[in-house]
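A.B. asks: Sequence first, predicted coordinates after that:
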There are 2 protein chains.
Amino acid sequence: MISISIIGSGNVAQHLISALSKAENIELKQAFTRQKNTLTHLLDSDKIIDDYSELLPVDVIIIAVADNAISEVSRQILLKNQLIVHTSGSISIDDLQSHRKGVFYPLQTFSKSKAVDFKTIPICLEAQNQEDYKTIEAVAQSISDCIYKVDSQQRKALHVAAVFVSNFVNHLYLMGNEICNENQLPFDILKPLIQETAIKILTLSPQDAQTGPAQRGDTVTINTHLAFLTDTNQKEMYKLLTKSIIDHGKKL
Amino acid sequence: MISISIIGSGNVAQHLISALSKAENIELKQAFTRQKNTLTHLLDSDKIIDDYSELLPVDVIIIAVADNAISEVSRQILLKNQLIVHTSGSISIDDLQSHRKGVFYPLQTFSKSKAVDFKTIPICLEAQNQEDYKTIEAVAQSISDCIYKVDSQQRKALHVAAVFVSNFVNHLYLMGNEICNENQLPFDILKPLIQETAIKILTLSPQDAQTGPAQRGDTVTINTHLAFLTDTNQKEMYKLLTKSIIDHGKKL
């Protein structure tokens, strides 16, 4: 049995509390939040604390708060020799003000209103010694089947890559939605294409999956599209991405 | 029973032949290709022709060839009063050199090596009179559950939107793949995030689904990412997409 406490009440904290409280071999001892009512739907109220001095020693404390608060929160934990990990993709392990530290980064996009299946979420782990790594690895294995050992430099790369394939991709969905709205078309019409585009790269590399006018070098269609677009922002994006697809084709 | 012939042997033609030859109420009469062996795995060889003069009159001829060949191919069909449709997102209905014409545009990304379920593929239809529309609507209904009436101007918009949400999105997957390779990380680690990002917009609008540093206005992380990126192309794309997300946030 591994004992755990979680600090935070945001998306990541709530999804972790939900998954870990159901996990075998895990005792979820306490959750810290500044406003107790943010977690009462997930945990018995006697496990919810709002004062750092109430924190009990556990095998691992997981800090799941905003990036810019991680360092300060870790400073508030006065338990001696306590293993503390954070859940951030972009913060170094060294930002933790603790003797024993690590990283427990679930690589997924969390929304409060949408349940996730933790089993398929990659969890990226980092620790400073083998024993601590084994401990957080056991925690990760209790909720996920996809565990990766990732150092701080790799994790930074991964976070940038995640911005490209998730945040930026979602913004392109928004562009598609805008163009539909402007032309009295339902966004639903694009959804099967969006799903298939994502599913394709499970069996084909993105290089092999690429289709479309830029990939074909079809300048007639590209120019028709550019003439069609009146929004400066949409146009700039179209130009840059088209150029990049063409340049990548040349590299092959 | 509706009789159909198909002209072409590329991705769209092959997927249509495959779906229509299994459809009830459809008689797939002939398929035209310049090289008969490109279709022998899909059709009996007596149905495959390579000479336009062999084309028999049918209810609909579907031209599924490259955009720049559509007009010329339609000119080769000498059958009188023949209803002819093309399958292109970007070509006007008027490019067809025919008295009776229409458009039968399946909005999906087709790869030769990957089967698709036509039932969920939106088919966008256009015709010049009600009777011809009814005919191609019946053909579409025989293979798909998602039929949309879309005029030429809307179809052009839809094609541009499709480039954003499919071709450009796939290129962002490639950027993610590149960053992983450069940092000795398997691309597999990003795949659950890619799937979840696509699945999210089935229940949330792209506006509500947006997360990440740009959405949060987290300039510290944005600057860390820009400092991390050394490839000029990746950097330019990061800047433009980040700016667009921030600008869209301000509009709300």
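C.D. replies: Thanks, I have it. Residues are numbered from 1 along each chain as shown, chains lettered A, B, ... in the order given.

A.B. asks: Identify the residues contacting the residue nearest in space to the middle of chain A.
C.D. replies: What sits nearest the mean C-alpha location of chain A, by Cα atoms, centre = their mean, is A:Gln108, with 3.4 Å. Shown in contact with A:Gln108 (Cβ atoms under 8 Å, 6 or more residues apart in numbering or on different chains): A:Val116, A:Ile121, A:Pro122, B:Pro192, B:Leu193, B:Glu196. All C-beta atoms are positioned from the backbone trio N, CA, C, and that covers glycine.

A.B. asks: A:Val85 too?
C.D. replies: A:Val60, A:Ile61, A:Ile62, A:Ile63, A:Leu96, A:Lys101, A:Gly102, A:Val103, A:Phe104, A:Ala127, A:Ile136.

A.B. asks: Could you list which of those belong to strands?
C.D. replies: A:Val60, A:Ile61, A:Ile62, A:Ile63, A:Lys101, A:Gly102, A:Val103, A:Phe104, A:Ala127 (DSSP state E).

A.B. asks: got a list of what the closest residue in space to A:Met1 that isn't next to it in sequence touches?
C.D. replies: Nearest residue to A:Met1 in three dimensions, chain neighbours excluded: A:Glu27, at 5.4 Å (Cβ to Cβ, 6 or more residues apart in numbering or on different chains). Contacts here follow Cβ under 8 Å, 6+ apart; on that basis A:Glu27 touches A:Met1, A:Ile2, A:Ser3, A:Ile4.

A.B. asks: Name the residues linked to A:Glu27 by a beta bridge.
C.D. replies: A:Ser3 (DSSP bridges).

A.B. asks: how near is it to A:Ile62?
C.D. replies: 13 Å (Cβ to Cβ, to the nearest Å).

A.B. asks: same check, this time on A:Lys36
C.D. replies: For A:Lys36, the distance to A:Ile62 equals 18 Å [Cβ to Cβ].

A.B. asks: Give the buried residues for stretch A:212-228.
C.D. replies: A:Gly212, A:Pro213, A:Ala214, A:Gln215, A:Arg216, A:Asp218, A:Thr221, A:Ile222, A:Thr224, A:His225, A:Phe228 (16 or more other Cβ atoms under 10 Å in any protein chain shown).

A.B. asks: out of those, what pair is the most spread apart?
C.D. replies: By the measure Cβ to Cβ, A:Gln215 and A:Phe228 form the most distant pair in the buried residues of stretch A:212-228, at 19.0 Å.

A.B. asks: if we can go back for a sec, show me the one in the contacts of A:Glu27 that has more neighbours than the rest.
C.D. replies: Ranked by the number of neighbours (other Cβ atoms under 10 Å in any protein chain shown), these place A:Ile4 first, at 25 neighbours.

A.B. asks: State which helix of chain A is the longest.
C.D. replies: Longest helix in chain A, counting residues (DSSP state H): helix A:232-251.

A.B. asks: orientation of it relative to helix B:232-251 in degrees?
C.D. replies: Our comparison of helix A:232-251 with helix B:232-251, counting by axes from the mean of the first three to the mean of the last three Cα atoms, to 10 degrees, yields an angle of 160 degrees.

A.B. asks: so what sits against both of A:Glu27 and A:Ile62?
C.D. replies: Residues touching both A:Glu27 and A:Ile62 (Cβ under 8 Å, 6+ apart): A:Ile4.

A.B. asks: quick revisit: generate a markdown table for the contacts of A:Glu27, with pLDDT as supplementary columns.
C.D. replies: What follows is the contacts of A:Glu27, written out as a markdown table (pLDDT from 0 to 100):
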| residue | pLDDT |
| --- | --- |
| A:Met1 | 93 |
| A:Ile2 | 97 |
| A:Ser3 | 98 |
| A:Ile4 | 98 |
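
A.B. asks: with the residues you listed in mind, which one is nearest to B:Leu240?
C.D. replies: A:Ile4 (41.3 Å).
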